[in-house]
Structures are given as structure tokens and as C-alpha cells.
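Undergrad: sequence-free structure coming up:
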């Protein structure tokens, strides 16, 4: 599924490359949004014309509702929704329309569409543009949710999202926008519902998404110097969620630390903790620990913003806690 | 009653027949609550009084065009030619239903006939119809989309956002607002600025620089003419039209909402139960579009009394079959509930 010729490009360029390649591959793919194709020199407009690439008014309900209707009518719309919070303006269309039509029609229709939105912009954007709000979407039947953490995954998950026959929420992390990494040049697809082990380890399992994957890997590096071997897992999509890979890892390590930029009660970590408590309890040698954002809105001022968010130091401390709590075999 | 505008007599009789069939289908839905208690669950919404508006509108489109509607959605698929037995089985929650029992009364779909799916949330189908029109514009084959909604939906942001973008993009969509004088149980003039000012709701079109037309929705020929004009404009690439079709809903908003154990039924119409407007309601019943159109067709020689009686009998037999088929159709297997979560 992957062309092995890679080069280093930024995360955001990888996303755009996937959309561009899929538009070239399938003329039913259309791309619109409030900042898409708003001038004739736009590379998407130049490549695919101003019919398939269109700038929209600031009308989230119409944009996402139109994507649903166009998808029912045979298109594969990609809507650039800019920021994840803007989805909230159109919540019915995100969680209660396109995702239910295949089901409610008894399988007669399908609504393949992608809602692309940035999240987690914890760089001084204060309370309303910084949330990691995927928790409110991951339990919605019929809606898939992808959270890429690397440029290669950003490309591969976007390409898979566009080819998927269901609505997909593709949430890219704003703080990763310019991060570079190796990305295959040609067709590159990353399957949904398959977690990846970013680092193998034997003593503790760390699960992290998006921007926090880098922090988990940093913590694992620091812990390795102390003689602790941490395994780091990135689910990549949270709906569908690959719990099997996590359970297999916990069966090996017996300890689980969950890292999540979301607030605790609306997090992926809470869901994974419940699954492991139910299906992996006998493997656990210590209580599960969650390192999430604290339960507050994101504050503007940097010292307070840092205080709210998970970081490498908090992850290392949590790992020391579960190792200390372990029953000596 | 408007003139036939060159519509052949046989086609007029066909439109009349569709009106009779829609009414008979919904009468059987209504009767099911009394005759077979418990067979229909949840909420149903009837379009009695709007049949002329439905068949006049749907009669103005052709194969390849598409229709989006609301939870009050029984009439459109009948006008599009859907199987009434499968529709009734759907409302009865059976495996033989048109959506295999997954959707029920509020979520009928028949994509083979251009009926792509029905939202039960007020106003939310309006951008969906607009998006289907964007797809039609890209296909470039001159196809159009009819998007039906009530007067209440025109207070939703979805309505205003959709009219704006459809106008800017010149999308081939016709927005058909069936103004039945009530938003669920609230009178239109209580909640609509245009109505409160004594002006037609079609004037909302002015805000988006598109044509806005108000038409007598109990006259199928007047509706047909207005929609055909809007469809021609849409096909020609000139963009959307807003049509306000004035109808009077003859049943209550929907069947009663009650917890399990309380038999469901159709309550008294809100005009009487909430507003005490008995004469208004009686006048609306006297203006019932079905006998009105029948009288017109008989008067103009397009229909005989005998043919009208045959149409009524055929509709009764068809809907008796629909009820029988629905009752006899098996329930879905419980585990089928996990099919179709994802496409």
C-alpha cells in the first residue's frame, strides 16, 4: 500500500498532498471550506478547477450539511472546517445526520465525507480555540475519528479517510503543523482501527495520541536512562479504536499509563482505561494512571497553560508511580 | 383553480390519483393506532391537506432529479412511485420495510427514485438538499433537487445559510416551504417576523436576491406551475427559488407522545385544542384539496364520477394490501441491529 520513496515534509504539507493525490485519483472528491480555493492561484483551484474546489461563506451548518447531501448524491466531499471548535456550531450535522443515514436507510445510502479540522492549539489561543474535544465524537455511531501524530500518518490517514464510505472526522494537531518527518511520495494509505507501537518496551505501556505521542516518547527516552523500558502505543484512529493492541501490550507489561490532551472525563484515556479494566484486569500489576489535561478551560497565560497540560515530566512521574505501586513478583 | 397549462387530461387524473393514494395511505397509518394498537411505535406525522402541494411539486420534475424532505415524509415517495407496502411495513418496524425497519416513519428513503434520505431534525435537510444540488451542478446533466420543509424550518440558521450559498453558487435547487400555519403547535404569526407583519414568508427570498413566490398549496396546478418555473430556472443554471406553498395541515402535528403502556392516537388539531379556532379548522376541512381537485376535474371533463370511484377503490385496495403486508412481514432479527453501523 505504500510507495517506499520518502522525503521529509511538514505534517500540513502531507495532509494537503493526500487531498491533492486523492482529487487527482477520483473526480468525485471535492474540497471546500472557508479558506479553501479563495484565489485563482490556489494550487488546488489550478489543478482541479473552481467547481471542485470552492471557498464557502462562514456557514458551518450549510458547509457540513451540504457535504452530507453531496455525499448522498455520489460525491466525496472534504470540508476544511478550520478549527475543531467550529464543528460545534454545526453539531447536528456532525453527529446526527450523515453518520446515521446509511443505518436509518437500512443500508440503501452512504455518506462518504471528511471533516478536516485542527485542534489543540495550546499556543496562547485561550479558551475557545484550543480544545482537544474528540471525546465528544468518538462514541458517535457511524462517525470515524482520526488523530494523526506524524506527517506520514497524516497523509496516510487522510487518504484512507477520503476513500472510506463513512463520515470521517480528521483532526490534525495544530502544534504539529510544521513538524517534518519522512512521508512516502506516492500512494500511502494507513488503515483505520490499527494502533501502532511507536516504541517497544517491557515494563510499562504508555498510550498517547496526537501531540502527546512525542511527549510519551520523550518520557520513554528519559525512563530508559533510569533502566525502565516503556512501550509507547499510538491508536491513530480513536473510532474505530484498536483496544487489542493495548491489551496485548498490557498483558506483557502489567502497567498502563494513559496520556491525553483532553480533559479527563471527555478523553480517549477514560475509554481505554475502562476497556482495560474490563478485559485486561488480570494482567494489571498496578492501578491504571491517566495523565490528562486538568479539568479547566485552557487559560491564556503561558504558565497557567503549561500547568493544565500533560507534559513529559508528568508522564515520567506517572510511570514511577505505577512502577512503585507494582506488586513484586 | 389554475388552468391545466397544457397538461394532458390523463396526467391530471394521475396527479389526482396520487393525491388520493397519499391520503388513503395516511388514513391507514392513522387507523392503525386504533385497529392495531402497539404496531406503530414512536412518532408519525401526516401530510393530509398538503397532497396537492406534494404531487404538484413532484410532478414538475423528471427522472434523475432528487428530493429531500422532512420527517413528515410519507407523501413524497408515493408521488415518486415507491412501494406503499414496503413503506407501511417500515412504519410497522418490519424486515420487509423500505428501510428494513431501521428508519421508521420519520426516515424513509428510496434512493433508486431520487429520495435520498430524511432528517428528522427541523431544517437540517435544507443544506443537505443544497449539497445534492452542488453534486448535480458538478455532474452537469441539468438535474435539479427539490428540498421541502415547513414554515418553522425557515427560522433555522440552516435555512438562511443554505439560501445564501445556493444563491451565490447558483445551485439547481428549489426550496419549497410548505407553510401549514403552525410550527408544531405554535402559530406562524407568533414566531415569524414576516407573518407577524402580515407579509408572505416568501419575502425571505429577497434577503438572498432570489425569486420568492407564494402559491396556493391546495391547488395542484398552481403549485405545478410555480415549481415548473423554478425547476426550469434551476436547470438553466440561473439558481434557486423559494416557493411558499400555503397548505393547511388537517391532522394534529403528530400522534400523541406518551410513555410505553399508554396507547398512542392522533389528538385533536391544535387549531381547536390550543387556540379554540373551530371555524378556522372547519373552513380548512371544507377547502380539502382532494374533493376540490376532483370537482375541478369533473367540471372540466377530465374525470368522470365513475373513474373517481374506481381511483378511490383502487387506493383502498392498495393500502389494505399495504397494511396486510406490513402486519404479515416478519420483524428483523435482533442481531441485525449491528448491521449498517458503517457503510
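TA: Received the coordinates, thanks. These figures come from a predicted structure and were not determined experimentally.

Undergrad: How is chain A divided into domains?
TA: A:6-184, A:196-324 (automatic domain parsing).

Undergrad: Quickly compare these and say which is most buried.
TA: The highest mean neighbour count among these belongs to domain A:6-184 (a mean of 21), with neighbours defined as mean count of other C-beta atoms under 10 Å in any protein chain shown. No exception for glycine: its C-beta is placed from N, CA and C like everyone else's.

Undergrad: Compute the first-to-last residue distance for it.
TA: Terminal residues of domain A:6-184 lie 4 Å apart, using C-alpha to C-alpha, to the nearest Å.

Undergrad: just how off-centre is it within its chain?
TA: Chain-centre distance of domain A:6-184: 12 Å, with C-alpha atoms, centre = their mean, to the nearest Å.

Undergrad: ok, now which ones touch the residue positioned nearest the centre of chain A?
TA: The geometric centre of chain A, computed from its C-alpha atoms, lies nearest to residue A:147 (C-alpha atoms, centre = their mean), at 0.9 Å. Shown here is residue A:147, whose contacts under the criterion C-beta atoms under 8 Å, 6 or more residues apart in numbering or on different chains are A:134, A:171, A:173, A:209-210, A:235-238.

Undergrad: Between those, which sits nearest chain B?
TA: Closest to chain B out of the contacts of residue A:147 is residue A:237 (12.4 Å), distances taken as C-beta to the nearest C-beta.

Undergrad: Thought residue A:192 was touching that closest one, still the case?
TA: Yes - if you go by C-beta atoms under 8 Å, residue A:237 and residue A:192 touch, sitting 4.6 Å apart.

Undergrad: Quick check: neighbours shared by the two?
TA: By C-beta under 8 Å, 6+ apart, residue A:237 and residue A:192 have these common neighbours: A:144, A:146, A:157.

Undergrad: Tell me which of these fall in helices.
TA: Judged by DSSP state H, those include residue A:157 as members of helices.

Undergrad: Return the member of the shared contacts of residue A:237 and residue A:192 nearest to chain B.
TA: Within the shared contacts of residue A:237 and residue A:192, distances to chain B taken as C-beta to the nearest C-beta reach their minimum at residue A:144, with 7.7 Å.

Undergrad: how near is the closest one to residue A:168?
TA: Between residue A:144 and residue A:168 the distance is 5 Å, computed by C-beta to C-beta, to the nearest Å.

Undergrad: Can you check which residues contact both of those two?
TA: Overlap of the contact sets of residue A:144 and residue A:168 (by C-beta under 8 Å, 6+ apart) consists of residue A:161.

Undergrad: Could you pull up the residues touching residue B:128?
TA: Counted by C-beta under 8 Å, 6+ apart, residue B:128 has contacts A:65-66, A:68-69, A:72, A:97, B:68, B:116-117, B:119, B:147.

Undergrad: at 10 Å instead, please
TA: When contacts are counted by C-beta atoms under 10 Å, 6 or more residues apart in numbering or on different chains, residue B:128 is found next to A:62, A:64-73, A:93, A:97-98, A:101, A:111, B:68, B:116-119, B:145, B:147, B:158, B:162.

Undergrad: what do you get for residue B:172?
TA: Applying C-beta under 10 Å, 6+ apart, we find residue B:172 in contact with B:65, B:132-134, B:136-137, B:139, B:142-145, B:166, B:230-231, B:233-240.

Undergrad: Checking the residue in the stretch 151-300 of chain B positioned nearest to chain A next. Helix, strand or coil?
TA: Scanning the stretch 151-300 of chain B for proximity to chain A using C-beta to the nearest C-beta identifies residue B:161 as nearest, at 3.5 Å. For residue B:161, the assignment made with DSSP: H, G, I helix; E, B strand; the rest coil gives helix.
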